[in-house]
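# Got a sequence here, can you build the structure:
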Amino acid sequence: MSVNVHVGKTEPGWGGSARVVLYTLFVFLAQAVWICRLPYPAIRIDLMLPLMFGVAMERSLTAGLAWALTWGFVFDVLSGKFWGFHVVSYVVAVCLVHISIEKFEFRNPLYQMVVVGCCALGQSFVLWLYLLVEPQAGSLDAGVWQNLLFRCLVMAVASPLIIYPVTRWGEVSS
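Presented below is the predicted three-dimensional model:
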């Protein structure tokens, strides 16, 4: 009696890759059209960060890094300033998953929420540093940190919903 354990890092065929590409485009359009127009800054979450976790769980390190670099570059360019924020965020997320996938059960939604929440907290800290040096940012009061921390919580709660389709397609294609 043998037991097969799926650890991740698979390279699915064209069907799985096409689904991930289409899902990424859907998430990208939702981010560009819907999320960026939400009235409160605290709920303008980065949908691509949890998606990078799903891709990192299902792909090799090279494929995950290529995905992170490509989409990070696209988001940075379309944001109007290429300062590397999204590239670095997504690359760190992919590397974090590949470093710790043997120690943590990333299929567990609770772990996904904690790790994505921590990465979102790192993103918030970098955004705060950026706002400190940006001359057009205005004053930074406690409300800015409240918005950034609430944003982390919303991203953490939403992360399993965003990650699930990618990991599900990885299970089906392996």
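# The residue nearest to Thr24 when sequence neighbours are not counted: which element?
Spatially, and ignoring its direct neighbours in sequence, Thr24 is nearest to Leu51 (6.4 Å; C-beta to C-beta, 6 or more residues apart in numbering). Just so you know, the C-beta spots here come from the backbone N, C-alpha and C atoms, and that holds for glycine as well. Here Leu51 sits within helix 48-58, counting by DSSP states H and E.
# what packs against that helix?
On a contact count with 3 or more C-beta pairs under 8 Å, 6 or more residues apart in numbering; DSSP states H and E, helix 48-58 meets helix 14-29, helix 61-78, helix 85-100, helix 109-133, helix 142-173.
# what about the first one, distance to the chain center?
The one in question is helix 14-29. 14 Å (C-alpha atoms, centre = their mean, to the nearest Å).
# Just list the residues touching the most centrally placed residue in the chain, thanks.
Centroid check for the chain by C-alpha atoms, centre = their mean gives Leu49 as the closest residue, at 1.0 Å. Contact analysis of Leu49 by C-beta atoms under 8 Å, 6 or more residues apart in numbering lists 89-90, 93, 116, 119-120, 123, 155, 159.
# Pull out the buried residues from stretch 52-60.
Going by neighbour count (16 or more other C-beta atoms under 10 Å), the buried part of stretch 52-60 is 52-59.
# and Ile163, how many neighbours does it have?
Here the count is done by other C-beta atoms under 10 Å, and Ile163 has 25 residues near it.
# I'd say it and Leu51 touch.
Yes. Counting by C-beta atoms under 8 Å, Ile163 does reach Leu51; the two are 7.2 Å apart.
# Could you check stretch 119-129 and say which residues are buried?
119-124, 127.
# ok, and what's touching it?
Taking C-beta under 8 Å, 6+ apart as the rule, stretch 119-129 contacts 45-46, 49, 85, 88-89, 92-93, 96, 140, 144-145, 148-149, 151-152, 155-156.
# Pull out the buried members of those.
Of these, these count as buried by 16+ other C-beta under 10 Å: 45-46, 49, 85, 88-89, 92-93, 96, 144, 148, 151-152, 155-156.
# Need the max-distance pair from these.
Spanning the widest gap among the buried ones among the contacts of stretch 119-129 are Leu96 and Val144, at 25.5 Å by C-beta to C-beta.
# got the contact list for the residue nearest to Thr24?
Here Leu51 is in contact with 23-24, 27, 162-163, 166 (C-beta under 8 Å, 6+ apart).
# and Leu38, which of the helices and strands packed on helix 48-58 is closest to it?
helix 142-173 (10.4 Å).
# Would you mind checking the average pLDDT for the closest one?
Mean pLDDT, computed over helix 142-173, is 83.
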